[in-house]
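Student: Here's my sequence, what's the structure:
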Amino acid sequence: TSIVSGAVAERMSIDAYLLNVMLTSGIIYPVVSCWIWNERGWLHFGNINATLDGVIDCAGCSAVHITGGMVALIGCYYVGPRVGRFRRIVNNNNNNDGNGDGTSNQKIECVQFPMNNHPLRVIGVFILWLGWYSFNGSSAFSTSGAQKSIIVNHSLMTTTISAASCGVFSMLLHQWFINEDRNSASDERRFDLDSTLNGILAGLVSITAGCNVVDGWASLIVGIIGAFVWVVTKKIILLYEIDDVVDAIPIHAGCGIWGLLVPTFFANPKLIEISYKTTSTTNKVAGIFFGGNGKLLGAAILCIIAIIAWTTALCVPLYFVVETRKFLRVSKTEQVDDILDERHHDGYLTPIDYSLTGTGVAGDNNIYYDSNNGRKLDPNFVQKWLSNQEIKDSIDKSTLLALAYTKGVEGENIMGILSLFDRCSGGNQVVSGPDFHSLLSALRDDFKPNNTNTNTNTNTNSSNNCTSFFPGLGNSGGSNLNLPVTKTSLASESAL
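Tutor: Predicted coordinates:
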């Protein structure tokens, strides 16, 4: 279900997604996994009654990746693309219409959405890579006989080689052939982080089924071919205007199918014998390149067809009903204004960062921007987010800076705010209690360049860093400050 969530992100409603989760986790996945891994499953390798000797799938190319990728494909088809993902360019020149009948000719352009957070993406991929050692290694451990340590170590080696080779080759493939962000003036070719990370995941998926039965040299080839598979699959689904946010379909469905086919070509009979406690040489159960009779290939193809038919038969009616009931997709306004998390989950996807050199609040109409990614924020959400700090009777540094920007504070006075916060907080992450309300009061009424508050300030010396607005600032720690307590309501601030 997490495969599906990434593919349909930013436009599927939470209610529709929960229905999808129940269907996938409750019916679709358990049935497919029984086919493959149950000892009496009709595709279980090792079942003497299995069709065509069954399929070799060590860690889940079929039950996990192909199944999840197909559910994601059907979901993306029904929910449609994100707003602005595909743009139609109309050529109204009747003399050069391309159709020969004077009608307009349309060209569909795919708009590239930039990645939101590079560090989190890299961390996420490496966490997945680490986790893959667990499911590939533990799956190999559960199937092997007395020589478990040999097979587990072998599985970890092939997993590493496939992931690394696919990641590097995907990066090179994007740089030399499909660099969509290339500067036409300088013909600059850039290494692309997104394709590298997705390539690593594609390599991991590609080796999942055969990690315990393919040789090290074969895993290198598996990763390289996996790079081609996910890139080509991505291009194909874009031609049909299917919007997959995280490339889950090409990585999991495309490379899942390739991964299930890997043992049919590269399975070493000696490794099969060690892994599955069977004498593979007597019945020629091996990859085609090792003299196999082709039954593994036939079983794999049959498995792929069965999974596609099963997921389609269950998912299409579900999405059809949900679409008919008009709750499959969130509104266009929620997508365009980036308020999905605030509207549906009472939160926000990423912390709002008003950096010292960032935009903060731009223009005269209270247009708020997140300097993390430049996205426009919903003013109602900004008001609610800032007001929530007072409800908690505390304030952190980024929120204090946000308020300062709304009041037009800049330059040296920003540094003064930071200095005040550090001294009032006593080294903590927040300022709370009376000091919190005093900070807000000073910011609302008094925090102006080279200005002195005669009502609350007993210190007659002015200061460019605005510390003179706070009597007793020389004391240590926020709790020792003898500051006037004036609780303000951020929700009523005119600037918000």
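Student: hey, where'd the strands end up in the stretch 1-150 of the chain?
Tutor: Assigned by DSSP state E, counting those that start in this stretch, the strands in the stretch 1-150 of the chain fall at 86-91, 105-110.
Student: Please apply the same query to the stretch 251-400 of the chain.
Tutor: Under DSSP E, counting those that start in this stretch, the stretch 251-400 of the chain gives strands at 361-362, 367-369, 376-377, 394-396.
Student: what's the least confident stretch among those strands?
Tutor: When the strands of the stretch 251-400 of the chain are ranked by mean pLDDT, strand 361-362 comes last with a mean of 38.
Student: correct me, but Leu296 touches Asp57?
Tutor: No - using C-beta atoms under 8 Å, Leu296 makes no contact with Asp57, being 10.7 Å away. C-beta coordinates here come from the backbone N, C-alpha and C atoms, glycine included.
Student: shared neighbours, the two?
Tutor: Residues touching both Leu296 and Asp57 by C-beta atoms under 8 Å, 6 or more residues apart in numbering: Pro263.
Student: who has more neighbours, those two?
Tutor: Relative neighbour count places Asp57 above the other of Leu296 and Asp57, with 30 against 27, counting by other C-beta atoms under 10 Å.
Student: Tell me which helix or strand in this protein has the weakest average pLDDT.
Tutor: The least trusted helix or strand in the chain, going by mean pLDDT, DSSP states H and E, turns out to be strand 361-362, with a mean of 38.
Student: Poorly predicted segments of the stretch 201-350 of the chain, please.
Tutor: 278-283, 336-350 (pLDDT under 70).
Student: One more pass at 80, please.
Tutor: Applying pLDDT under 80 to the stretch 201-350 of the chain flags the ranges 277-284, 332-350.
Student: can you pull the buried residues of stretch 27-46?
Tutor: Buried residues in stretch 27-46, counted by 16 or more other C-beta atoms under 10 Å: 28-29, 31-33, 35-37, 41-45.
Student: Would you reformat those residues as a markdown table and include distance to Gly291 and pLDDT?
Tutor: Shown next, in a markdown table, are the buried residues of stretch 27-46 (distance: C-beta to C-beta, whole Å; pLDDT from 0 to 100):
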| residue | distance to Gly291 | pLDDT |
| --- | --- | --- |
| Ile28 | 36 | 96 |
| Tyr29 | 35 | 95 |
| Val31 | 34 | 96 |
| Val32 | 30 | 96 |
| Ser33 | 30 | 95 |
| Trp35 | 27 | 95 |
| Ile36 | 25 | 94 |
| Trp37 | 27 | 92 |
| Gly41 | 26 | 93 |
| Trp42 | 26 | 94 |
| Leu43 | 23 | 94 |
| His44 | 23 | 92 |
| Phe45 | 18 | 91 |
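Student: What is the nearest of these to Phe320?
Tutor: Distance to Phe320, by C-beta to C-beta, is smallest for Ile28 among these, at 16.1 Å.
Student: and the closest one, what does it touch?
Tutor: Neighbours of Ile28 in contact, by C-beta under 8 Å, 6+ apart: 67, 71, 310-311, 314-315.
Student: May I ask which of those residues has the most neighbours?
Tutor: The member of the contacts of Ile28 that has the most neighbours, counting by other C-beta under 10 Å, is Val71 with 30 neighbours.
Student: how about the residue lying closest to Leu73 once chain neighbours are set aside, what does it touch?
Tutor: Of all residues not flanking Leu73 in the chain, Ile249 sits nearest, at 5.0 Å (C-beta to C-beta, 6 or more residues apart in numbering). Counting by C-beta under 8 Å, 6+ apart, Ile249 touches 7, 69, 72-73, 76, 233-234, 237, 242.
Student: Between the contacts of Ile28, which sits nearest Leu261?
Tutor: Thr67 (16.0 Å).
Student: Quickly note the distance from the closest one to Ala313.
Tutor: Going from Thr67 to Ala313 by C-beta to C-beta, to the nearest Å gives 13 Å.
Student: Tell me which residues touch Val213, please.
Tutor: With contact taken as C-beta under 8 Å, 6+ apart, Val213 is in contact with 56, 58, 263, 266-268, 271-272, 275, 287.
Student: Break down the stretch 101-250 of the chain into its helices, ranges please.
Tutor: Ranges of helices in the stretch 101-250 of the chain, per DSSP state H, counting those that start in this stretch, are 118-143, 148-176, 193-207, 216-239, 248.
Student: In TSV, list these along with mean neighbour count and distance to Cys255.
Tutor: Listed next are those as TSV, based on neighbours: other C-beta atoms under 10 Å; distance: least, C-beta to C-beta, whole Å:
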stretch	mean neighbour count	distance to Cys255
helix 118-143	15	13
helix 148-176	21	8
helix 193-207	28	4
helix 216-239	20	5
helix 248	28	11
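Student: Fine by me, thanks again.
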